[in-house]
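Asker: Below are the sequence and a predicted model; questions follow.
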Amino acid sequence: MDKALPAARALEVITPRAQHSISRQQIQPNALKVLYRLHQSGYQAYLVGGGVRDLLLGQQPKDFDITTDATPDQVRQLFNNCRLVGRRFRLAHVLFGRDRVEVATFRAHHTTANEHNAQQNEQGRLLRDNVYGTIEEDAQRRDFTINSLYYNIADFTVHDYTGGLKDLRQGVIRLIGDAESRYREDPVRMLRAVRFAAKLQMPISECTAKPIQNLAPLLLEIPAARLFEESLKLLQSGCGYATYRLLEHYHLFTPLFPSMAPTLNGPYAHQLKQMLQQALQSCDQRLATGKTVNPAFLFAALLWYPLLTQVEQQPVSDGVNRYTLFMQEASKILATQCRSLAIPRRFTIAMREIWQLQQRLPRCQTARAQKLQLHPKFRAAFDLLAFRAAIEGGPLIPLVAWWQEFQQQHPQTHTQQPRARDNDPSAKRPRTRRRRHTPHTDDPQLHRHR
Ligand code: ATP
Ligand code: MG
């Protein structure tokens, strides 16, 4: 063996086209266009990451990531429809209408000579990771061996520098390099280990799994906006419940959802666990049938019992009405939660509406119910009510049945516009007493502070 070659070279395995299953037809056309343009302009161009991993596993990749020796500025010069993003990790996004292809330049290890482009904090976390290098170096900078496989557009070979092909065949998630320092560099890798283990149904290798429980608190230092994005990938990827179980096992769940911790040790612990199971499994089922899932609904469901726990911990005072107290606690729990996961405002507004509607659904007459049904968050609120009924039973069961029947009898037409009518005095009919259609279903949890 040539001793002058870097260590990574020693491991290089190149698999020719005839010996692997990736065909260009499986690659998204826009990603192919980018690969070809880079290649024809004299740059190296590889498909890497989930695209290669999933195709080799016979699965449909979520996206196709590209890597090259062209710098981000050189990539920008090749494509009109390109913008550079990211400070910590500079990337080029090539845009095709609403579709975008991510192009990353090969990264290298940090040395003191390139301090300007690389920065670590005292705990070893990478604050900037923009030192460019060779493909061999890039392979070592990636997270897991199975994510470090490269498909070369020049000759359709697959390059492996870290033993990823073997791990893919054996089905194991293995971090490249020393696990503890790789987690310290970027604690989000702990979440990614769990995400891939659940998604690919592969165990995490012993060395990769061992440090996680101790290092889980490092997640508290990660910017909340990044953790929110990660939380969606974890919980809304189609195997949310399996992922949650692993997050719990590795003590990674509480740093993401600190607002749930008091409930998991309190009187609503059982209900919260059941809600986690129901909401996440139903989310998985919806995604499996091609439906979408609204993060606001999922988060409103998951935080429902933590909200109730907080409301019930407040001393009963005559001066504050139940509704005000409830909404005050809703604001507090959202504030706590948003410190670790920056849930965007459009979702927190929707969550508050879904929670508010839990108070309005139990007290309905036909006219009010018709109006309520037109509320944009009615369906989400009803679905949460149905989860609660399945968990708690009692008076919520006939209430859900009443609403189910009501919706069948009064299918939503969207032609009714009660708000416009309300504002038009000529349209108002004199108030008449209407018979109450709802069974008497006061929700004890909501009324405790009356
Ligand atoms: P999927 O897109 O299916 O969720 P992926 O592996 O493609 O999975 P991406 O987030 O798209 O994940 O990242 C693309 C690739 O970039 C990864 O496969 C990995 O090689 C590398 N990568 C992503 N995040 C990190 C990280 N935190 N540390 C090191 N490498 C990373
Ligand atoms: Mg990807």
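Answerer: That came through fine. Ligands and ions are numbered 1, 2, ... in the order given.

Asker: In this protein, where is pLDDT below threshold?
Answerer: 1-10, 110-129, 318, 412-450 (pLDDT under 70).

Asker: Would you mind naming what in it lies close to ligand 2?
Answerer: Within the chain, the positions near ligand 2 by Cβ under 5 Å from the ion are 49-50, 63, 65. The way it works is simple: take the backbone N, C-alpha and C, and place the C-beta from them, glycine included.

Asker: which of those has the most neighbours?
Answerer: Within the residues of the chain next to ligand 2, G49 tops the neighbour count with 24 neighbours, counted by other Cβ atoms under 10 Å.

Asker: thinking again about what came up before, of the residues of the chain next to ligand 2, which belong to helices?
Answerer: G50 (DSSP state H).

Asker: With distance to G238 added, can I get the residues of the chain next to ligand 2 in TSV?
Answerer: Shown next, in TSV, are the residues of the chain next to ligand 2 (distance: Cβ to Cβ, whole Å):
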residue	distance to G238
G49	18
G50	14
D63	15
D65	19
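
Asker: Just the closest of the residues of the chain next to ligand 2 to E221, please.
Answerer: E221 has its nearest neighbour among those in G49, at 24.9 Å by Cβ to Cβ.

Asker: Identify the farthest-apart pair in the residues of the chain next to ligand 2.
Answerer: Pairwise distances across those (Cβ to Cβ) peak at 8.4 Å, for the pair G49 and D63.

Asker: and the closest residue to Q277 other than its chain neighbours, backbone torsions?
Answerer: Using Cβ to Cβ, 6 or more residues apart in numbering and skipping residues adjacent in sequence, the residue nearest Q277 is Y241, 6.3 Å away. Torsion angles at Y241 (phi, psi; degrees, to the nearest 10) stand at phi -70, psi -40.

Asker: Any idea how many residues pack against T67?
Answerer: 23.

Asker: With adjacent residues omitted, what lies nearest to the residue in the chain that ligand 2 sits nearest to?
Answerer: Relative to ligand 2, the nearest point of the chain is G50 (3.5 Å; Cβ to the ion). Spatial nearest neighbour of G50, chain neighbours left out: P61 (5.3 Å); criterion: Cβ to Cβ, 6+ apart.

Asker: And Y46, by the same measure?
Answerer: Using Cβ to Cβ, 6+ apart, the nearest residue to Y46 is Y150, at 4.1 Å.

Asker: In three-state terms, label the one you found for me.
Answerer: Recorded secondary structure, Y150: strand (DSSP: H, G, I helix; E, B strand; the rest coil).

Asker: Number of residues surrounding it?
Answerer: Neighbours of Y150 (other Cβ under 10 Å): 24.

Asker: ok, what's across the strand from it?
Answerer: Beta-bridge partners for Y150, by DSSP bridges, are V48, H159.

Asker: Was I right to think it contacts A45?
Answerer: No - assessed by Cβ atoms under 8 Å, Y150 is found out of contact with A45, at 9.9 Å.

Asker: if I look at the two, which residues touch both of them?
Answerer: T67 (Cβ atoms under 8 Å, 6 or more residues apart in numbering).

Asker: Can you get me a residue count around the residue nearest to G50?
Answerer: Neighbour tally, P61, other Cβ under 10 Å: 19.

Asker: With the one 5 residues further on instead?
Answerer: Residue crowding around I66 was assessed by other Cβ under 10 Å; the count is 24.

Asker: What of N80?
Answerer: Per other Cβ under 10 Å, the neighbour tally for N80 reads 8.

Asker: Pull up the gap between it and K33, please.
Answerer: Using Cβ to Cβ, to the nearest Å, N80 is found at 13 Å from K33.

Asker: The residue nearest to Q277 touches S282, doesn't it?
Answerer: No - counting by Cβ under 8 Å, Y241 stays clear of S282, with 9.4 Å between them.

Asker: what are the phi and psi values for R174?
Answerer: phi -130, psi 130.

Asker: Chain neighbours aside, what residue packs nearest to it?
Answerer: S205 (4.3 Å).

Asker: Please give me every residue in contact with the one you found.
Answerer: By Cβ under 8 Å, 6+ apart, S205 lies in contact with 172-175.

Asker: Quick check: of the residues you listed, which has the highest neighbour count?
Answerer: Highest neighbour count within those: L175, with 26 neighbours (other Cβ under 10 Å).

Asker: Was I right to think that residue contacts I146?
Answerer: No - L175 is beyond contact range of I146, at 10.5 Å (criterion: Cβ under 8 Å).

Asker: Using the three-state scheme, assign the residue most central in space within the chain.
Answerer: For the chain, the residue nearest the mean C-alpha position is L232 (1.1 Å; Cα atoms, centre = their mean). Following three-state DSSP, L232 is assigned to helix.

Asker: What number of residues are in the vicinity of the residue nearest to it when sequence neighbours are not counted?
Answerer: Nearest non-adjacent residue to L232, counting by Cβ to Cβ, 6+ apart: P295, 6.1 Å away. For P295, the number of neighbouring residues by other Cβ under 10 Å comes to 19.

Asker: ditto for V85
Answerer: With other Cβ under 10 Å as criterion, V85 counts 12.

Asker: That one reaches R100, doesn't it?
Answerer: No - shown here, V85 and R100 do not form a contact pair, counting by Cβ under 8 Å, at 9.7 Å.

Asker: overlap in contacts of the two?
Answerer: Common contacts of V85 and R100, defined by Cβ under 8 Å, 6+ apart, comprise H93.
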